[in-house]
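Peer 1: Everything below, folded, please.
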Amino acid sequence: MKIAFLVWRFPVLSEAFILNQITGLIDRGHEVHIYPLNGKPDKPTKLHPIIEEYNLLDRTYYPPTKPENYSWRIVKGLGLLLKNIRRGSLACLQLPKLFKYNHEFWSFKWLYRAMAFLDRGDYDIIHCQFGTLSTMGLLFRDLGIIRGKLVTTFRGIDISSYVTENGDRVYEKLFAEGDFFLANCEFFRQKAIKLGCNPDKIVVHGSGIDCRKFAFKPRSLPIGDRVRIATTGRLVEKKGIEYCIRAISQIAPTHPNIEFNIIGDGHLKEDFEKLIQELNVGHLVKLLGWKNQQEIVEILDNSHIFLAPSVTAADGNQDAPVNTLKEAMAMGLPVISTYHGGIPELVEDGVSGFLVPERDANAIAEKLDYLMSYPETWVQMGRAGRRRVEDKYDMEKLNNELVEIYQSLFDLSANHSQISPAPLKKDGSRGEYSLSLPS
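Peer 2: Purely as a prediction, here's the structure:
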């Protein structure tokens, strides 16, 4: 199959789940082209080693840089139209179709983005990697600039805060004209259905990790050393890191032999530095900054407990089962997370870790105290977490599933069949989707 991936930016180190899909498809013999609609990175960015290994930049088509000045944007855009007539740019002048996209049309950003798609040929699958990219996918397919089955994945911000900001009808056109939809957890699948998505056209397809890169290690209480607690994520409201810091300050008097390492960077860094100082836990809490994947693996390998207390942000932004949590569980770390978004589909409370209410530092402190008091539970929880990740989020299994989903779309057209999600299991997880062919 020939597949077009529509993404906002590329490469992005924090979006390893997209890299895993791209390389998985290539390994399975498919042709993948990558279209970063926001253009080339402004500054040189560190590359994930796999980008060079697979020569992914040779498969990437960037749009021309658009001027910020609106008048100059129009002038330069008209020049691009004239310059690319032989490549089929006049298809961009179908005004009746363009007017259906109103705001996108008048911004003229689409015109620059369209140039990347000219004369690339037809695709079997056009995969919008976030719901927020779907308008461009619909527009370019409407104009005939790109052809193929349109698949859209909902991953988090696109089905939470984006909907809060733009209203419940924001995906009305997409749900009517898109061919198929994926959600990276059942929580977001149900949100899409409530917004009007046909339940028969959307299945859960999680974000996978390469379990081979995260070696399992049984955890035990260190003798004569500190218990190392870790969390990984952007320093933003949604990750709930503030409540981890407060929880550490609560247990510090009874458990002074702890060390809390926060891996990541973001706009709340200064706020956290002040909070650490106010709570007088600077000797226990370390802001380590951004680390690459190998550095993160090394830190987690030497840790004993992992925290991931995601919260619903003020703008409505929510998390799916986060990959950093999957990685920690795959390595055998007992975890503490929250009843939030799709996380309960990953962490089974009391089995592979603990779940607590959002924004509840007291509850996090209580579970930390329990784990510190009963370290004999760590191994059992760690093994349960590893099994959970291998069962539901192994990259190889999910990439096989993705190919089957793509292929089934052509079977659907030929056989008038439908893809149906499997029923929920007792543990809250969902089995593989099923393809129902007519008898």
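Peer 1: Would you check how far apart Asn317 and Lys217 are?
Peer 2: The gap separating Asn317 from Lys217 is 33 Å, by C-beta to C-beta, to the nearest Å. Every residue, glycine included, has its C-beta placed from N, CA and C.
Peer 1: Show me the strands in the chain, by range?
Peer 2: Counting by DSSP state E, one finds strands in the chain at the ranges 2-7, 31-36, 125-128, 149-154, 180-183, 202-204, 227-232, 258-263, 285-289, 305-308, 335-338, 353-356, 418-420, 434-436.
Peer 1: need these in JSON lines with distance to Ile364, can you?
Peer 2: Converted to JSON lines, the strands of the chain look like this (distance: least, C-beta to C-beta, whole Å):
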{"stretch": "strand 2-7", "distance to Ile364": "34"}
{"stretch": "strand 31-36", "distance to Ile364": "38"}
{"stretch": "strand 125-128", "distance to Ile364": "36"}
{"stretch": "strand 149-154", "distance to Ile364": "29"}
{"stretch": "strand 180-183", "distance to Ile364": "28"}
{"stretch": "strand 202-204", "distance to Ile364": "28"}
{"stretch": "strand 227-232", "distance to Ile364": "10"}
{"stretch": "strand 258-263", "distance to Ile364": "11"}
{"stretch": "strand 285-289", "distance to Ile364": "14"}
{"stretch": "strand 305-308", "distance to Ile364": "7"}
{"stretch": "strand 335-338", "distance to Ile364": "6"}
{"stretch": "strand 353-356", "distance to Ile364": "6"}
{"stretch": "strand 418-420", "distance to Ile364": "39"}
{"stretch": "strand 434-436", "distance to Ile364": "39"}
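Peer 1: Low-confidence stretches in the stretch 101-250 of the chain?
Peer 2: The stretch 101-250 of the chain contains no residues with pLDDT under 70.
Peer 1: ok, which stretches of it are helices?
Peer 2: For the stretch 101-250 of the chain, the helices defined by DSSP state H, counting those that start in this stretch occupy 102-107, 109-115, 134-142, 161-166, 172-177, 186-194, 241-251.
Peer 1: nearest to Glu348, of those helices?
Peer 2: helix 186-194 (14.2 Å; C-beta to C-beta).
Peer 1: Kindly export the closest one (C-alpha atoms) in PDB.
Peer 2: C-alpha atoms of helix 186-194 as PDB (Å, rounded to 0.1, in the frame of the first residue of the first chain):
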ATOM      1  CA  GLU A 186     -11.900   3.700  24.600                       C
ATOM      2  CA  PHE A 187     -12.400   6.900  26.500                       C
ATOM      3  CA  PHE A 188     -11.700   9.000  23.400                       C
ATOM      4  CA  ARG A 189     -13.700   6.600  21.200                       C
ATOM      5  CA  GLN A 190     -16.700   7.200  23.300                       C
ATOM      6  CA  LYS A 191     -16.200  11.000  23.200                       C
ATOM      7  CA  ALA A 192     -16.000  10.800  19.300                       C
ATOM      8  CA  ILE A 193     -19.300   8.800  19.200                       C
ATOM      9  CA  LYS A 194     -21.000  11.400  21.400                       C
END
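Peer 1: hang on, Tyr112 packs against Pro67?
Peer 2: No - at 9.3 Å, Tyr112 and Pro67 do not qualify as touching, with contact defined as C-beta atoms under 8 Å.
Peer 1: Indicate which one of the strands of the chain is closest to Cys244.
Peer 2: The minimum distance between Cys244 and the strands of the chain falls on strand 305-308, with 4.9 Å, by C-beta to C-beta.
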